[in-house]
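1. no sequence for this one, just the structure:
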């Protein structure tokens, strides 16, 4: 990491010169601040979002910048927050006037008044986000670092500019942000901040569910999500947000028989799956795949600890959890529910891979069979090398059998080879329960391997089934 105090190379995009020119016209100082500066120093790629703070009106500065740009891009003004935003090329620039803030106990929304650059840097959540680059022509690219944010970047520390107890109490969302940044960047939260988060954990209840979930998503999409969830658990925040996970903690022992700690097992599964997919909702499925184990845990003297039906119970819990957190109750939720419900199916058949079991697995998983297999492979967390190899080999056998069965039987996205219309025409009947019975019987016969997934074989089966139901075929192809 560079120790230089000037970062002109960070400001190579033409937009910065335009902002500097507009600021000069308005005779006000302007600075690039926050994430853009942090990510440039960390060499985390080119940021698409830029925050500009003006010592004066940020809205006026945005409008002047627009006037100087080709095509005069539209300026969106947010009067409530005193901010403005415009898009140019592939970059989104947000402008705000320097301000200072004061808070009440029941809200994270501050009372805002005009302030200096120092006031604005004081209100920032972390020292690494308080770094500012000067856009004035005579000091272009000079860094302003009042809280030793550069040192914290080098030491990989999350620290607040001011008293952490006040910082986190004023805006409790910062507790989530601290943990999110620690997870994304691989940084440590300094001890005073960690203590302050723990002390103020109950303040998270004033934050909207949507803002909390937004931070959870970013933790989930990080390279190693377990870092964030361990911090959420350590500080006590997780009990307020996802008590279903807290319920998985701990190891019970009766008569010398123990079960694994399903909380830490779950975090391993999430990390495992994160190595293989960026699918947010599949990662959520990994996080929630065992939540039904807490309410279904029982001890039997004969077989030890059991979690019968935990997949079914867990899938029902997914709906309640999504609803409580105001997450989307749509196809995304149904996907997570399906993955949780089916999470043990490939494991059950792995030791006895029959054609019929694989057909049913493919049929029930449908388009999501690959995601389900990815989840189940991530669920292997044993530290025994022989067992680890054995389980993965079993899944390789399942995958191979899936290919063979699908090529032969075509059960994925299954469509009955005999339609309801054909059944009605054959037996000269109107829509009735018998049609459903026959179609279900044909499907079961195909999945069990009694008949191939072909029209003629299914047609003959239909005739036999219809006869059992007392139906008479008219002009059928073959009544023998």
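-> Sure thing, it's come through. Source: prediction; values computed, not measured.
2. where does the stretch 1-150 of the chain dip in pLDDT?
-> Scanning the stretch 1-150 of the chain for pLDDT under 70 picks out 1-4, 101-113.
3. now the strands: where do they sit in it?
-> Along the stretch 1-150 of the chain, the stretches classed as strands by DSSP state E, counting those that start in this stretch are 30-33, 49-54, 76-78, 83-88, 91-97, 99-102, 111-114, 132-134, 143-144.
4. what's the most buried one of those?
-> Here the criterion is mean neighbour count by mean count of other C-beta atoms under 10 Å, and of those the winner is strand 30-33, at a mean of 26. In this view, the C-beta of every residue, glycine as well, is placed from N, C-alpha and C.
5. of all the strands of the stretch 1-150 of the chain, which one is nearest residue 386?
-> Closest to residue 386 of the strands of the stretch 1-150 of the chain is strand 49-54 (C-beta to C-beta; 49.2 Å).
6. and the contacts of the closest one?
-> Defining contact as C-beta atoms under 8 Å, 6 or more residues apart in numbering, one finds that strand 49-54 is touched by 15, 19, 23, 28-36, 58, 60-61, 91-98, 117, 120, 132, 135.
7. again, but for stretch 303-315
-> 252, 257-259, 288-293, 295-300, 337-338, 340-344.
8. roughly how far apart are residue 160 and residue 174?
-> Distance of residue 160 to residue 174, computed by C-beta to C-beta, to the nearest Å: 8 Å.
9. anything in contact with each of those two?
-> Residues touching both residue 160 and residue 174 (C-beta under 8 Å, 6+ apart): 125, 126, 167, 168.
10. residue 467 versus residue 454, what's the distance?
-> With distances taken as C-beta to C-beta, residue 454 is found 20 Å from residue 467.
11. between the shared contacts of residue 160 and residue 174, which is nearest residue 205?
-> Nearest to residue 205 out of the shared contacts of residue 160 and residue 174 is residue 168 (C-beta to C-beta; 13.5 Å).
12. burial of that closest one, as a residue count?
-> For residue 168, the count of nearby residues is 25 (other C-beta atoms under 10 Å).
13. burial count for the nearest residue to residue 37 once chain neighbours are set aside?
-> Leaving out its chain neighbours, the residue that sits closest to residue 37 by C-beta to C-beta, 6 or more residues apart in numbering is residue 131, at 4.4 Å. By other C-beta under 10 Å, the residues close to residue 131 number 29.
14. I'd say residue 131 and residue 143 touch.
-> Yes: Residue 131 lies in contact with residue 143 (C-beta atoms under 8 Å); the separation is 6.2 Å.
15. hey, what's in contact with both of these two?
-> The contact sets of residue 131 and residue 143 overlap at 37, 150 (C-beta under 8 Å, 6+ apart).
16. count the neighbours of residue 165 for me.
-> Around residue 165 there are 16 residues (other C-beta under 10 Å).
17. look up how far residue 331 lies from it.
-> Between residue 165 and residue 331 the distance is 43 Å, computed by C-beta to C-beta.
18. next one: residue 320
-> For residue 320, the distance to residue 331 equals 18 Å [C-beta to C-beta].
19. any idea whether residue 165 is helix, strand or coil?
-> Following DSSP: H, G, I helix; E, B strand; the rest coil, residue 165 is assigned to helix.
20. chain neighbours aside, what residue packs nearest to it?
-> Distances taken as C-beta to C-beta, 6+ apart place residue 196 nearest to residue 165, at 4.5 Å, with adjacent residues excluded.
21. check the offset of the helix or strand in which that neighbour is found from the chain's centre.
-> Residue 196 is part of helix 191-199 when elements are defined by DSSP states H and E. Distance of helix 191-199 from the chain centroid (C-alpha atoms, centre = their mean, to the nearest Å) equals 26 Å.
22. next SSE after it?
-> helix 209-220.
23. same for that following helix, what does it pack against?
-> On a contact count with 3 or more C-beta pairs under 8 Å, 6 or more residues apart in numbering; DSSP states H and E, helix 209-220 meets helix 173-185, helix 226-235, helix 280-288.
24. quick check: buried residues in it?
-> Within helix 209-220, the residues scored as buried using 16 or more other C-beta atoms under 10 Å are 212, 213, 215, 216, 218, 219, 220.
25. can you pull the pLDDT of the third one?
-> According to the prediction, residue 215 has pLDDT 98.
26. ok, it to residue 165 distance?
-> The gap separating residue 215 from residue 165 is 20 Å, by C-beta to C-beta.
27. kindly report the same for residue 380.
-> Remark: distance between residue 380 and residue 165 (C-beta to C-beta) = 43 Å.
28. any idea how far residue 172 is from residue 212?
-> 10 Å.
29. joint contacts of these two?
-> residue 204.
30. surely residue 65 meets residue 19?
-> Yes: using C-beta under 8 Å, residue 65 makes contact with residue 19 at a distance of 5.5 Å.
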